[in-house]
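K.L.:
what follows is a protein structure lacking sequence information:
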């Protein structure tokens, strides 16, 4: 399986603070994705990247920004965290078989 | 837009029982269809996929057939084990830049 790691695994932050989540891959895949997982909603796409400095919005992008300055790293930033952004965040990469490989997730709690 | 609907859970079965988890989709064109599995505390793992009508995806005793006439991709397994307890997600991707997921179905298998 492709190497993909997310950090941190857990984070508690206060409302109004900025938060950055990191996704790191070791397989040189072009496409990377950020999803959030909430009960009853499955996974919803926040942003994705199709190359260095090339990103686009997904279904639920409001309040989030991303950056990809290197192939291996895809950062997700919550510009000013709100309680509605309490969720589990997953990073994914697209492999050659068109299936996605997911990281282990970051559980974010905004208090 | 594209969407996936899967049967609501939770589903509880006894070991060696037959499993069916229903999944239907709405999409234009010819999407690829996927089943993912999520074990507790982990990210999603690709279980199986099918890329065109009448294809059957299979893995670890699970199988699903791409039925375009009924827009369905139901997951089946002939004899479930306790280790199959997990959350199962049906998903579709039309252009591989936006994987759409169902809400997930939690399966619990009792000894």
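P.N.:
Yep, that arrived. For clarity, every value in this text was computed on a predicted model and none was experimentally measured.

K.L.:
got any ranges where chain B has weak pLDDT?
P.N.:
Residue ranges of chain B with pLDDT under 70: B:96-97.

K.L.:
just the closest residue of it to chain A, please.
P.N.:
Residue nearest to chain A within chain B: residue B:43 (3.3 Å; Cβ to the nearest Cβ). Bear in mind the C-beta positions are built from the backbone N, C-alpha and C, glycine included.

K.L.:
okay, now that residue: neighbour count?
P.N.:
Residues lying near residue B:43 (other Cβ atoms under 10 Å in any protein chain shown) number 22.

K.L.:
do you know how far it is from residue A:11?
P.N.:
17 Å (Cβ to Cβ, to the nearest Å).

K.L.:
now do residue A:49
P.N.:
22 Å.

K.L.:
neighbour-wise, which of the two wins?
P.N.:
residue A:49 (23 against 16).

K.L.:
regarding the more buried one, what is its secondary structure?
P.N.:
With DSSP: H, G, I helix; E, B strand; the rest coil as the basis, residue A:49 sits in strand.

K.L.:
stretch B:4-21: which residues count as buried?
P.N.:
B:4, B:6, B:7, B:11, B:13, B:19, B:21 (16 or more other Cβ atoms under 10 Å in any protein chain shown).

K.L.:
surely the residue of chain B closest to chain A is in contact with residue A:90?
P.N.:
Yes - with contacts counted by Cβ atoms under 8 Å, residue B:43 reaches residue A:90, the gap being 5.5 Å.

K.L.:
what residues does chain A put near chain B?
P.N.:
Neighbours of chain B within chain A, by Cβ under 8 Å from any Cβ of the partner chain: A:31, A:33, A:35, A:40-45, A:48, A:50, A:56, A:58-59, A:90, A:92, A:94, A:97-105.

K.L.:
please pick the buried ones from the residues you listed.
P.N.:
Using 16+ other Cβ under 10 Å as the burial test, the residues of chain A next to chain B include A:31, A:33, A:35, A:42-45, A:48, A:58, A:90, A:92, A:94, A:99-103, A:105 as buried.

K.L.:
isn't residue A:66 up against residue A:75?
P.N.:
Yes - counting by Cβ under 8 Å, residue A:75 is a contact partner of residue A:66 at 6.3 Å.

K.L.:
how many neighbours does the residue lying closest to residue A:66 once chain neighbours are set aside have?
P.N.:
Spatial nearest neighbour of residue A:66, excluding adjacent residues (Cβ to Cβ, 6 or more residues apart in numbering or on different chains): residue A:47 at 4.3 Å. Using other Cβ under 10 Å, the number of residues around residue A:47 comes to 23.

K.L.:
what's near enough to touch residue A:47?
P.N.:
Contact analysis of residue A:47 by Cβ atoms under 8 Å, 6 or more residues apart in numbering or on different chains lists A:33, A:34, A:55, A:56, A:57, A:58, A:61, A:64, A:65, A:66, A:76.
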